[in-house]
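>>> here is my input; please provide its structure:
(2 chains)
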Amino acid sequence: MPHDAMSKLVGDYYTTHFSPDPTSEGDTLILNLGPQHPSTHGVLRVVVEMDGEYIRRSEPVLGYIHRMHEKMGEVKTYLQYLPNMGRVDYLHALAWNWAYVGAVEKLMGIKVPPRAEYIRTITCELNRISSHLLWWGAYILDLGGITPIFYAFADRERIMDILQRVTGARLTYCYYRFGGVSADIDDDFIKETREFLQHFKTRLPIYHGLVTGNVILRGRCEDIGVLPVEMCRRYGATGPVLRGSGVAYDTRRFEPYSVYDQLEFDVPVGKNGDAMDRYDVRMAEMVQSVRIIEQALDALPDGPHVSPDLPDRFIPDKGEVYFAVEGARGKIGVYILSDGTAKPYRLKLRSPSFSNLHVFAELAQGTLLADAISIMGSLDLVIPEIDR
Amino acid sequence: MIIELLATPLGHTVAALVAILAFLGLNGLVMVYMERKVCGFIQLRPGPFEVGPRGLLQPVADALKLVGKQLVTPQGADALLFWLAPFISFAPVAICFLPIPFGPIATGMNMNLGLLLILAFSGLNALSLVLAGWGSNNKYGLLGAARAVAQSVAYEVPLLLSVLAIAFQVGSLNLSTIVEGQKGILSWNLFYQPLAFVIYFISATAETNRAPFDLPEAESELTAGFHTEYSGMGFGIFFLAEYSYMIVVCAVATALFLGGYDGPFAPGIWWFLAKVFFLVLILMFFRWTFPRVRFDQLLNICWKWLIPLGLANLIATALVMKLVQ
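Just a heads-up that it's a prediction; the model follows:
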């Protein structure tokens, strides 16, 4: 191989500053996974040092889809900033809607009518199912099974059709408003949702039969990426990643917001904290979401869908507020510091993918490349959420 | 004049090679269409249907697209090895077809060591993958090449063991002779050597780098593995070679285990093709159903299961044959 041609391919800052560890023995290879790679789902880049097929070290490189969401929060009014929330985590957009809207409501002391709370619960849980479905398909795709994602998309499509009826969008929803939701749900919405739930209950056993019990899949997931609780605590991992390790921490249950304290649902947990446990937890969560939606539909009260006595302009008093909800990937937190003007002085978004991603470097150490892909998939990362 | 030329052994071989190349080209189109339709069927979607009636012209459009694309040699690549690799991948396939008995007379070259020839030439495939991965100056390519070597070396062994069991039983390496020995469905070797058939088919899936054993090109790990850097027909030839190898391994399986061209009513060649494409269909079902195995699991299946079982099967076959004699 001509050497001068090789010397031109030196790489950028990250690859040159990630030179092989001088203390490590033997020949190693620096490999860029991403930002364009089939398994990094978006523009995540991971620089890995490989010894054959084994990973010595790895380091996630962020910033490829940084859109300055937090800075934008400081230059827009409270209402103007709302559409940004659907774009932070586009797969569970309504949870981000809820986290921000909830924070502003808490800051300004706005009361939300009960009907709006139930509508929020129903739509947010529908969105959670669609997010988990997409994860399910994409994870099996990472493991080399191409077909399941088409089954997942067929069901996800129905959820998107249902949500489109009330939100007007199919992916980046901006549906919740301060003091309620932008549009009331109608009988057709309820009918379609109930039909979907019935249909979905018949689909889950098919998924389990096709994929969960497959011996190849279990070989790729069991005992892969075992995540101890202590490590979750160090990195601040939340959501199914934490629950897969056996900690039954769910914001909906332990810091109840909205009507979740009136609804019955379990918090599924894993035992070993391996990729299979995280898989099982997400599959079980879809069942719990179905339970929540059914109860919420039964208990849906009448009344206004948005608070009737809202202020004309949203200008909170001086103060700070933190509000957290449970997203599909973990705990979503919004912190707002208000200086009494129409725009927040500081807005901080706590995204679960950011914490969950950083578990990867430690988990992937010493594993095979294929296992690292499986671990990354099992963390269910959404990259725009990591780069805020 | 032409008929006289064809009657000579050399003329016959040349004519057979021409026919094989024509068959491979056509087969590539058929298999692409078949794969896409099967994949569509499994994935609850229609598959190609826009180009031509029922999408029949889709493979032609695909082929034209590949031909029309620019051939890019990556920076720092070894151009000679890089462009040699697709041809080393494809050329042996044509030779592998020579001893395969498609019908009672439709055999390219009736030779006594036909089976050995097929195994020898299909082994060359690994070389092409190594050259492609090494020559393209790409880290993913290199990893894919390394996987290809380990996989091929491991899976040649059980493949050979399962084929040897048949050779022991029949006492010949001539595929035509093996097929002649199977008259009527009850005398198919499948029923005498079921274990050998299973071992053969699993090993053959791994040999052709088909999912769930498609590790050298595992797209979710290595983007495209050894052919990451190939564009246009460079990739197209690898693709054609993969599909042709599928036909070779399925044809050998048909000849060894499924009675070859044995079948009632229709001429033998149709029976042969029907059996071959049935096995191809199973390979396609594999690909669109299973996730990919991990590398060490792949080697474990081979060394811990297939090879011991293959050896046991071979010894049992040898004993039985000795006793029968």
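
>>> low-confidence ranges, the chain, go.
Chain wasn't specified; assuming chain A. For chain A, applying pLDDT under 70 flags the ranges A:1-11, A:15, A:19-26.

>>> wait, chain B was what I had in mind.
B:1-2, B:105-106, B:108.

>>> count of neighbours near the closest residue to chain A within it?
Chain A sits closest to B:Arg292 of chain B, with a gap of 2.7 Å, by Cβ to the nearest Cβ. The way it works is simple: take the backbone N, C-alpha and C, and place the C-beta from them, glycine included. Neighbourhood size, B:Arg292 [other Cβ atoms under 10 Å in any protein chain shown]: 27.

>>> find the nearest non-adjacent residue to it, please.
Sequence neighbours aside, A:Gly144 is the residue nearest to B:Arg292 in space, at 2.7 Å (criterion: Cβ to Cβ, 6 or more residues apart in numbering or on different chains).

>>> distance of the one you found from B:Phe286?
11 Å (Cβ to Cβ, to the nearest Å).

>>> so between these two, which is more surrounded?
Counted by other Cβ under 10 Å, A:Gly144 and B:Phe286 do not tie: A:Gly144 has more neighbours, with 26 against 16.

>>> got phi/psi on the more buried one?
Main-chain torsions, A:Gly144, degrees, to the nearest 10: phi 100, psi 0.

>>> is it true that it touches B:Ala211?
Yes: in this structure, A:Gly144 is within contact of B:Ala211 by Cβ atoms under 8 Å, at 6.3 Å.

>>> now do the shared contacts for those two.
Common neighbours of A:Gly144 and B:Ala211, counting by Cβ atoms under 8 Å, 6 or more residues apart in numbering or on different chains, are B:Phe290, B:Arg292.

>>> OK, contacts around the residue nearest to B:Arg292?
If you count contacts by Cβ under 8 Å, 6+ apart, A:Gly144 has them with B:Ala211, B:Pro212, B:Asp214, B:Ala218, B:Ser220, B:Phe290, B:Pro291, B:Arg292.

>>> pull out the buried members of those.
With burial judged by 16 or more other Cβ atoms under 10 Å in any protein chain shown, the buried subset of the contacts of A:Gly144 is B:Ala211, B:Pro212, B:Asp214, B:Ala218, B:Ser220, B:Phe290, B:Pro291, B:Arg292.

>>> okay, and which of those residues map to helices?
B:Ser220 (DSSP state H).

>>> quick one: the strands in the stretch 201-325 of chain B?
In the stretch 201-325 of chain B, no segments count as strands under DSSP state E, counting those that start in this stretch.

>>> which residues of it lie near chain A?
When proximity is defined as Cβ under 8 Å from any Cβ of the partner chain, the stretch 201-325 of chain B approaches chain A at B:211-212, B:214, B:218-223, B:287-297.

>>> circling back to that earlier point, out of the buried ones among the contacts of A:Gly144, which is nearest to A:Val382?
Minimum distance to A:Val382 across the buried ones among the contacts of A:Gly144 is 17.6 Å, recorded for B:Ser220 (Cβ to Cβ).

>>> tell me the centre residue of chain B?
In chain B, the residue lying closest to the centroid (Cα atoms, centre = their mean) is B:Tyr245, at 2.4 Å.

>>> return the residues in contact with the residue lying closest to that one once chain neighbours are set aside.
Nearest residue to B:Tyr245, sequence neighbours excluded (Cβ to Cβ, 6+ apart): B:Thr208, at 4.7 Å. Applying Cβ under 8 Å, 6+ apart to B:Thr208 gives the contacts B:Glu242, B:Tyr245, B:Met246, B:Val249, B:Leu283.

>>> got TSV for these, with distance to A:Asp184 too?
Converted to TSV, the contacts of B:Thr208 look like this (distance: Cβ to Cβ, whole Å):
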residue	distance to A:Asp184
B:Glu242	56
B:Tyr245	61
B:Met246	57
B:Val249	62
B:Leu283	54
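
>>> tell me which entries of those residues lie within helices.
Short answer: the contacts of B:Thr208 in helices (DSSP H) are B:Glu242, B:Tyr245, B:Met246, B:Val249, B:Leu283.

>>> of those, just the buried ones, ChimeraX syntax please.
A single ChimeraX command selects the buried members of these (16+ other Cβ under 10 Å):
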select /B:242,245,246,249,283
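
>>> between the ones in helices among the contacts of B:Thr208, which is closest to A:Leu44?
Taking the ones in helices among the contacts of B:Thr208 together and measuring to A:Leu44 by Cβ to Cβ, the closest member is B:Glu242, at 30.5 Å.

>>> that closest one contacts B:Glu207, doesn't it?
No: judged on Cβ under 8 Å, B:Glu242 makes no contact with B:Glu207 at a distance of 10.8 Å.

>>> which residues of chain A lie near chain B?
Residues of chain A lying near chain B (Cβ under 8 Å from any Cβ): A:1-2, A:5-6, A:8-9, A:29, A:31, A:37-39, A:50, A:52-53, A:140-147, A:150-151, A:154, A:211, A:214, A:216-217, A:219-220, A:368-371, A:373.

>>> roughly how far apart are the residue of chain B closest to chain A and A:Gly213?
As for B:Arg292, its distance to A:Gly213 is 17 Å (criterion: Cβ to Cβ).

>>> picking up where we left off before, using JSON lines, lay out the contacts of A:Gly144 together with distance to A:Val75.
As requested, these are exported to JSON lines (distance: Cβ to Cβ, whole Å):
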{"residue": "B:Ala211", "distance to A:Val75": "50"}
{"residue": "B:Pro212", "distance to A:Val75": "52"}
{"residue": "B:Asp214", "distance to A:Val75": "50"}
{"residue": "B:Ala218", "distance to A:Val75": "45"}
{"residue": "B:Ser220", "distance to A:Val75": "40"}
{"residue": "B:Phe290", "distance to A:Val75": "51"}
{"residue": "B:Pro291", "distance to A:Val75": "46"}
{"residue": "B:Arg292", "distance to A:Val75": "47"}
